[in-house]
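Asks: this one's structure only:
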C-alpha cells in the first residue's frame, strides 16, 4: 500500500510519519485490498486535524478527526477508518453469497 503523508501548516516529522504508518498496519490486517491513500496533518488554532482518503479496490473511504494532541487525533482517525474498512468488508461478504435466488431450490 502506498501512503502519502502531507502536512498543512505543520512539518511532518519522522515520529509523526512512523506513528501514522504503524497505526495503518491495523487496517491492512482487515483488508488486503488497500491500494493507496493520502493523509493530511494540519493545525487550526489549538486543534490538530487529521484527514485521510484511502482507496480500496472499487471503493474510497474518507475520514477526519481532530483533537488537541496530534497523536490522539491520529488514533481517532484510525478508529474511524478501521470501522469503515470492516463495514465495507462485511458488505462484500454479504453481497456475494453462494446461492442466488434463481438457483436456490424451493422446498
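Replies: Cool, the structure landed. A quick note: this is a predicted structure, and the numbers were derived from the prediction, not measured. Numbering: from 1, shown residues only.
Asks: Give me the residues contacting stretch 71-89.
Replies: Residues from elsewhere that reach stretch 71-89 (Cβ atoms under 8 Å, 6 or more residues apart in numbering): 16, 19-20, 23-24, 26-27, 30-31, 34, 39, 48-52, 54, 56, 59, 61, 63-67. Bear in mind the C-beta positions are built from the backbone N, C-alpha and C, glycine included.
Asks: make that stretch 57-67, sorry
Replies: Residues contacting stretch 57-67 (Cβ under 8 Å, 6+ apart): 33, 35, 44, 47-54, 73-74, 76-77, 80-81, 84-85, 88.
Asks: out of these, which are buried?
Replies: 33, 48-54, 73-74, 76-77, 80-81, 84-85, 88 (16 or more other Cβ atoms under 10 Å).
Asks: Keep only those of these that are in strands.
Replies: Among these, the members falling in strands (DSSP state E) are 48-54.
Asks: if I pick residue 47, what's in contact with it?
Replies: Counting by Cβ under 8 Å, 6+ apart, residue 47 touches 66-68.
Asks: Out of those, the closest to residue 4 would be?
Replies: For the contacts of residue 47, the residue nearest residue 4 by Cβ to Cβ is residue 66; the value is 20.1 Å.
Asks: Provide the strand pairings for the helix or strand encompassing the closest one, with the direction of each partner.
Replies: Using DSSP states H and E, residue 66 maps to strand 59-67. Its sheet considered, strand 59-67 pairs with strand 47-56 (antiparallel) by DSSP bridges.
Asks: gap between the partner strand and the chain center?
Replies: Chain-centre distance of strand 47-56: 8 Å, with Cα atoms, centre = their mean, to the nearest Å.
Asks: Give me the mean pLDDT for it.
Replies: The average pLDDT for strand 47-56 rounds to 94.
Asks: what's the single longest helix in this protein?
Replies: What stands out as the longest helix in the chain, according to DSSP state H, is helix 70-95.
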